[in-house]
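In: Quick one, structure for this:
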Amino acid sequence: CGFTKADIRALSRYLGLSVWEKPSYACLASRFVYGERITAEKLKMVDRAEQLLLDMGFRQMRVRIHGSLARIEVEPDGFERLMKEENRLEIVREFKKYGFAYVTLAGIQDGKHERDNRQKKCTGMSLYKKYRRKKVKITEILKNNKRTLSFEVFPPKTDSDFEAVREAAYKVAALKPAFMSVTCGAGGSTCGNTLAIAAGIQNTYGVAATSHLTCVGATRQSILSALDDMRAAGIENIFALRGDRPDWMEGEPFKEYRYASELAETINEYGGFCIGGACYPEGHPDSATIEEDIVNLKKKVDAGCEFLTTQMFFDNNIFYEFMERVRQAGIEVPVIAGIMPVTRASQLENAVKLSGCNMPLKLKRIADSFGDSREAMQQAGIIYATEQIVDLYANGIKNVHVYSMNNAEAAGAILNNLSDILK
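Out: All right, here's what the predicted structure looks like:
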């Protein structure tokens, strides 16, 4: 690529990185060869990788990064130690925390990769196959015509809460749902954490994840930059939303992008992503009529949305009537039913306030009777949500998305209730 060792050393000093003399580093040069964009996040990944290997006693190694692929190479005298089960599992686990989809380990000799036809010498390749996450688009999951159950989680509002929220989201991912979606904060305030959690879900648990993207405060350049970051992180599914105006934002929040259909069009032009969109069985709050809302929904699908997920609803009959209108309007993409288990009485008030959804008398009585007890309300809410999902499945609705509110206990209970139905 035209880079000399001196060039790489000089560039590394400029970027604040250390350079190993033996073996000579090709890490930075390889990024230019493959057209990878150097970002502060990737540089931190390299530093963390180097430090992890140093802490494990490795002194001569190199780390290559290409997109979501990390390749760790060590000198032959350290190769056997690197391939010990406890060492390689720790390395893979740590690297996946940083957002890598693939991790390979290999020995090098005289600057060349060690090659041998014997399987025991090809541990790096077998590890690659073992930990490689098969990329899956949501539409591929939905086309199987099997019943699916997926979950939504949300990122932390502040960086200080990241570890606790990530742990909660990972507990939901450990249930191995069909896929997961990760929301973003108002005005894109948590987009970095959204991407980190979505990538971690895919890389650590092998669960396909879709990352939310909104129009609030967005410019074309900011959207293209976000798409670059998602592609680099291995995200293949995006949920395109208009989003709500955050209370703290002054001025017009929707300038270059006023509607989700416009956002979907840009993502579609960028290419390579499976695009999802939202729909509202009881009508979007800003639409004058449900008929007008269906017309706007058709525009969203025509712009590139390949599947739709509904806002939460508590009365299945409302959803069935909505589906009739959708199909009559010529919208044929899969529609996933959105269900929220009400585990706290306050959730009902917020749901009605934010989405205007109808609250059946049966659910209101449940909240009135059990709302004072956290355990009783959660149990009753799980039962109500489970009954909704069973009814949906029984009436031919194959795909259900649960708004888990990062409650792994409730998500696990619902999944357990449906274990035989989902077989």
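In: Give me the local confidence score for the closest residue to F370 other than its chain neighbours.
Out: Distances taken as CB to CB, 6 or more residues apart in numbering place A376 nearest to F370, at 4.1 Å, with adjacent residues excluded. (Each C-beta comes from the backbone N, C-alpha and C, glycine too.) A376 carries a pLDDT value of 97.
In: if I look at A376, how far off is D368?
Out: 12 Å (CB to CB, to the nearest Å).
In: More neighbours: which of the two?
Out: A376 (13 against 10; other CB atoms under 10 Å).
In: Test my guess that that one contacts A367.
Out: No. Counting by CB atoms under 8 Å, A376 stays clear of A367, with 10.8 Å between them.
In: residues in contact with C215?
Out: Applying CB atoms under 8 Å, 6 or more residues apart in numbering, one finds that C215 lies in contact with L241, R242, G243, P253, F254, Y257, R258, Y259, A260, E262, L263.
In: any low-confidence regions in the stretch 201-350 of the chain?
Out: Counting by pLDDT under 70, the stretch 201-350 of the chain shows low-confidence ranges at 246-249.
In: which residues in it form helices?
Out: Under the criterion DSSP state H, counting those that start in this stretch, the stretch 201-350 of the chain contains helices at 220-232, 260-270, 290-302, 316-328, 345-355.
In: Highest mean neighbour count out of the ones you listed?
Out: Most buried of the helices of the stretch 201-350 of the chain, by mean neighbour count (mean count of other CB atoms under 10 Å): helix 260-270, with a mean of 21.
In: what packs against that one?
Out: Here helix 260-270 touches strand 209-214, helix 220-232, strand 237-241, strand 274-279, helix 290-302, going by 3 or more CB pairs under 8 Å, 6 or more residues apart in numbering; DSSP states H and E.
In: just the angle between it and strand 237-241, please?
Out: Here helix 260-270 runs at an angle of 150 degrees relative to strand 237-241 (axes from the mean of the first three to the mean of the last three CA atoms, to 10 degrees).
In: Also compute the angle for helix 260-270 relative to helix 220-232, please.
Out: Helix 260-270 runs at 60 degrees relative to helix 220-232, counting by the same axes, to 10 degrees.
In: neighbouring contacts of helix 260-270?
Out: Against helix 260-270 from outside (CB under 8 Å, 6+ apart): 213-215, 218, 220, 223-224, 227, 238, 240-242, 257, 273, 275, 277-278, 296, 299-300, 302-305.
In: Look up how far K364 lies from T214.
Out: Plainly put, T214 is 31 Å away from K364 if you go by CB to CB.
In: In terms of neighbours, single out the busier of these two.
Out: Between T214 and K364, counting by other CB under 10 Å, T214 is the more crowded of the two (26 against 13).
In: Would you convert the helices of the stretch 201-350 of the chain into a markdown table that also reports distance to A208?
Out: Shown next, in a markdown table, are the helices of the stretch 201-350 of the chain (distance: least, CB to CB, whole Å):
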| stretch | distance to A208 |
| --- | --- |
| helix 220-232 | 13 |
| helix 260-270 | 17 |
| helix 290-302 | 21 |
| helix 316-328 | 24 |
| helix 345-355 | 26 |
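In: For stretch 272-291, buried residues please.
Out: Judged by neighbour count (16 or more other CB atoms under 10 Å), stretch 272-291 contains these buried residues: 273-284, 290.
In: Wait, a helix at A376?
Out: Yes. Assessed by DSSP: H, G, I helix; E, B strand; the rest coil, A376 belongs to a helix.
In: shift numbering so it begins at 178
Out: Fine by me, first position is 178 from now on; the one you just mentioned is A553.
In: on that earlier part again, okay, the buried residues of stretch 449-468 in a markdown table with distance to S596 next?
Out: Converted to a markdown table, the buried residues of stretch 449-468 look like this (distance: CB to CB, whole Å):
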| residue | distance to S596 |
| --- | --- |
| F450 | 32 |
| C451 | 28 |
| I452 | 31 |
| G453 | 26 |
| G454 | 30 |
| A455 | 29 |
| C456 | 29 |
| Y457 | 31 |
| P458 | 27 |
| E459 | 31 |
| G460 | 35 |
| H461 | 35 |
| I467 | 36 |
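In: and of those, the nearest to Y347?
Out: Using CB to CB, G453 is the member of these that lies nearest Y347, at 22.0 Å.
In: That closest one bridge partners, please.
Out: Per DSSP bridges, the residues bridged to G453 are F416, F484.
In: which residues does it contact?
Out: I315, S358, T387, N414, I415, F416, A417, C482, E483, F484, L485, T486.
In: now the stretch 228-377 of the chain, which segments are flagged as low pLDDT?
Out: By pLDDT under 70, the weakly predicted segments of the stretch 228-377 of the chain are 235-260, 262, 265, 272-312, 362-367.
In: what ranges do the strands span in it?
Out: Ranges of strands within the stretch 228-377 of the chain are 238-243, 246-251, 279-286, 289-290, 325-330, 357-359, based on DSSP state E, counting those that start in this stretch.
In: quick one: strands adjacent to the fifth one?
Out: Within its sheet, strand 325-330 is paired with strand 357-359 (parallel), strand 576-580 (parallel), according to DSSP bridges.
In: CA atoms only: put that strand into CSV for me.
Out: Extracted C-alpha coordinates of strand 325-330, given in CSV (Å, rounded to 0.1, in the frame of the first residue of the first chain):
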residue,chain,number,x,y,z
THR,A,325,-41.4,-16.1,16.5
LEU,A,326,-41.0,-14.2,19.7
SER,A,327,-38.6,-11.2,19.8
PHE,A,328,-37.8,-8.6,22.4
GLU,A,329,-37.0,-4.9,22.6
VAL,A,330,-34.6,-3.3,25.0
